[in-house]
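[1] Mind folding the following:
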Amino acid sequence: MSFQVGDAATRSKTITDEDIRAFAELTGDRNPVHLDDEYAAGTRFGRRIAHGMLAASLISATLANELPGRGTVYLSQSLRFVAPVLPGDTVTARVEVKKVRGDKPILTLETVCTNQRGEKLLEGEAVVMLTAV
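    This next block holds a predicted model:
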């Protein structure tokens with residue numbers, strides 16, 4: 001399969017309390033800003049927020065399932081967290097091809113996650129390798 005600069009794909013998921021608690025259990029990240037309403041109420045956010053990496057994991061799912069798709073292997077991912085992800089937010093990950101290497105099966109993609117209001121939550125760049133399928 002060939003890819004061109006500008007090719008893009010998206011994937012969306014509503015982040016639930018169950019997702020946040022499962023992510024905390026899976027990763028061991030039990031920061032109270034994610035899990036404790038009383039603690040989080042006293043933070044600058046005024047309420048609990050989801051793990052930023054939970055939202056970022058939607059980028060991985062988009063790469064693996066949408067574009068480039070099956071067999072994609074991460075080489076690198078940069079991230080900049082712009083705004084908090086709140087429980088109940090519908091996060092949309094968007095990946096867009098920015099560079100196609102001519103000498104190797106490697107793509108560079110812009111990666112962005114937004115919420116249901118179109119607000120940017122995180123942004124970055126992924127470099128992936130395509131494997132033979």
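
[2] Mind jotting down where the helices sit in this structure?
    Shown for the chain, the helices assigned by DSSP state H span residues 17-27, 32-35, 37-41, 52-65.

[3] Out of the ones you listed, which is the most enclosed?
    With neighbours defined as mean count of other C-beta atoms under 10 Å, the helices of the chain peak in mean count at helix 52-65, which reaches a mean of 20. Every C-beta, even on glycine, is put in place using the N, C-alpha and C of the backbone.

[4] Pull the contacting residues for the nearest residue to Lys99 once chain neighbours are set aside.
    The spatial neighbour of Lys99 that comes closest, neighbours along the chain excluded (C-beta to C-beta, 6 or more residues apart in numbering), is Thr108 at 3.9 Å. By C-beta atoms under 8 Å, 6 or more residues apart in numbering, the contact set of Thr108 is 97-99, 125-127.

[5] how does it look with 7 Å?
    Applying C-beta atoms under 7 Å, 6 or more residues apart in numbering to Thr108 gives the contacts 98-99, 125, 127.
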